[in-house]
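Asker: got a predicted structure plus its sequence, pasted below:
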Amino acid sequence: MRYINTPNFNHQQSDKIGILLTNLGTPDEPTPKALKRYLKQFLSDPRVVEVPRLLWWLILNCVILQIRPRRSAKAYATVFTEQGSPLLFHTQAQTDAIRQQLQQDGVNDLVVDFAMRYGNPSFDSVIDNMLKQGVRKLLVLPLYPQYSGATSASTFDELAQNFMRRRWLPDLRFISHYPDYAPFINAAADRIRQHWQQHGQADKLILSYHGIPKRYLTNGDPYHCECYKTSRLIAEQLGLSKDQYLTTFQSRFGREEWLKPYTDMTLKALPAQGVKSVQIFCPGFSADCLETIEEIGEENKEYFLHAGGERYEYISALNAEPQHISALCQLIKDNLHGWQINHEPERQQRAASLQQDQQETN
Ligand SMILES: C=CC1=C(C)c2cc3[nH]c(cc4nc(cc5[nH]c(cc1n2)c(C)c5CCC(=O)O)C(CCC(=O)O)=C4C)c(C)c3C=C
Ligand SMILES: [Fe+2]
Ligand SMILES: [Fe+2]
């Protein structure tokens, strides 16, 4: 059968609004086997690696997947806790907190859940579940503040693939980015200010973002500009002058040139320029994960201290911090306009009308 059908549709089920939060995804376990499965799915995505398919298939299967799973499993083993992968448990906590706050704010008839672009929980399982609960309007919020083809558009591809197989589609809204959304900028600036209150200020604030190949920027990906915009707005909120902060790019993969300045090279060079203390925040990561905890929290700290730096502090991601949750709820509510029925007589009228539909179709 070509399409997924909905033969047992219940006419008395009232329409619900689905809020689907998404993030990148993470391996199920920190083992080479789980890493191979995860990396194969992730690195086979043509939005992530833009290399001719046949050539890339050979490199991925014959070289990368023979070496990287073992190496990455070791790195992941250092960040997994009894709660599992940080990216997974932070995203779960964000989802629970958003559901609770939206309910408290009186936003009704909602189903709030999260899915991962790669690995679990998959888009398929979560969307299935939402539709079964009566979701007829779906708002998708990928938790990537800055747009990139490799992340935001890849999320859209997966959604589109999913809906291509369904007979009955819900109304659909997709938040493709929020790099300058004031409540998000305020939450990030407050997170940094909070850290300053406890630890004092350092010589420099480093705002580090995940990199992408420079080629994607020259081909028109707006990610680089959006990262600089987020940085400028956070710095303005904090009253920092241009020489008090830096924007850098981390997590390179492969041999080609990626967005510069590189975070690791910058940290290795700063002590010789007289910068002895740094604080690092990653405004592109809504949740802590391997790339922040291990790469920024551990690996880059070593580089800086080894190069003569004296004080290095990683400021953790916004995760499920109350101000971040408020910002995301505000963003969701801003994008629900026209979808909510808040007027009680109208709600009653819809309920009566549903009953009538049921009688007519019986
Ligand atoms: C191969 C190219 C990659 C591109 C392009 C890329 C872009 C990109 N990634 C994130 C966010 C995350 N990436 C994470 C891990 C990760 N990223 C790549 C490769 C590319 N990313 C790899 C191979 C890995 C896996 C780890 C490893 O083997 O080194 C993560 C962490 C996930 C976790 O489980 O903790 C995040 C988050 C963004 C935002 C982005 C482009 C803007
Ligand atoms: Fe990545
Ligand atoms: Fe990394």
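Answerer: Looks like it came in fine. Numbering: from 1, shown residues only. Ligands and ions are numbered 1, 2, ... in the order given.
Asker: which residues of this structure lie near ligand 3?
Answerer: Residues of the chain lying close to ligand 3 (Cβ under 5 Å from the ion) are Ser251, Glu291, Glu295. The way it works is simple: take the backbone N, C-alpha and C, and place the C-beta from them, glycine included.
Asker: buried ones in the helix or strand hosting Ala189, by neighbour count?
Answerer: Take DSSP states H and E as the rule and Ala189 turns out to sit in helix 182-199. Going by neighbour count (16 or more other Cβ atoms under 10 Å), the buried part of helix 182-199 is Pro183, Phe184, Ile185, Asn186, Ala187, Ala188, Ala189, Asp190, Arg191, Ile192, His195.
Asker: same question, stretch 227-240
Answerer: For stretch 227-240, a neighbour-count test (16+ other Cβ under 10 Å) marks Cys227, Lys229, Thr230, Ser231, Arg232, Leu233, Ile234, Ala235, Gln237, Leu238, Leu240 as buried.
Asker: so how far is ligand 1 from the fifth one?
Answerer: When you say that, I think you mean Arg232. Using Cβ to the nearest ligand atom, to the nearest Å, one obtains 18 Å as the distance from Arg232 to ligand 1.
Asker: residues in contact with Ser326?
Answerer: For Ser326, the contact set (Cβ atoms under 8 Å, 6 or more residues apart in numbering) comprises Gln101, Pro183, Ala187.
Asker: then Lys268?
Answerer: Neighbour list for Lys268: Tyr303, Phe304, His306, Ala307 [criterion: Cβ under 8 Å, 6+ apart].
Asker: count the residues that sit near the first one.
Answerer: Translated: Tyr303. Residues within reach of Tyr303, counting by other Cβ atoms under 10 Å, total 19.
Asker: local confidence estimate at it?
Answerer: With respect to pLDDT, Tyr303 scores 98.
Asker: shouldn't it be in contact with Leu267?
Answerer: Yes: in this structure, Tyr303 is within contact of Leu267 by Cβ atoms under 8 Å, at 5.0 Å.
Asker: related to what we said a few turns ago, which residues touch the very next helix or strand once past the helix holding Ala189?
Answerer: Per DSSP H and E, the first helix or strand lying C-terminal to helix 182-199 is strand 204-210. Contacts with strand 204-210, where a contact means Cβ under 8 Å, 6+ apart, come from 146, 192, 227, 230-231, 234-235, 238, 240, 244-251, 259, 263, 266-267, 270, 275, 277-285, 291, 296.
Asker: sheet-wise, list the partners of strand 204-210 with their directions.
Answerer: strand 245-250 (parallel), strand 277-281 (parallel) (DSSP bridges).
Asker: for the one helix or strand Ala73 maps to, give the mean pLDDT please.
Answerer: Element membership for Ala73 (DSSP H and E) is helix 65-77. Averaging pLDDT along helix 65-77 yields 98.
Asker: what does the helix or strand that it is followed by rub up against?
Answerer: Using DSSP H and E, the helix or strand that follows helix 65-77 towards the C-terminus is helix 86-104. Contacts of helix 86-104 with the rest of the structure, by Cβ under 8 Å, 6+ apart, involve 19, 21, 23-26, 79-81, 83, 110, 112-114, 116, 143, 286-290, 293, 317, 319-320, 322, 324-326, 328-329, 332-333.
Asker: buried subset of those?
Answerer: Listed as buried from those are 19, 21, 23-26, 79-80, 110, 112-114, 116, 143, 286-290, 293, 317, 319-320, 324-326, 328-329, 332; burial here means 16+ other Cβ under 10 Å.
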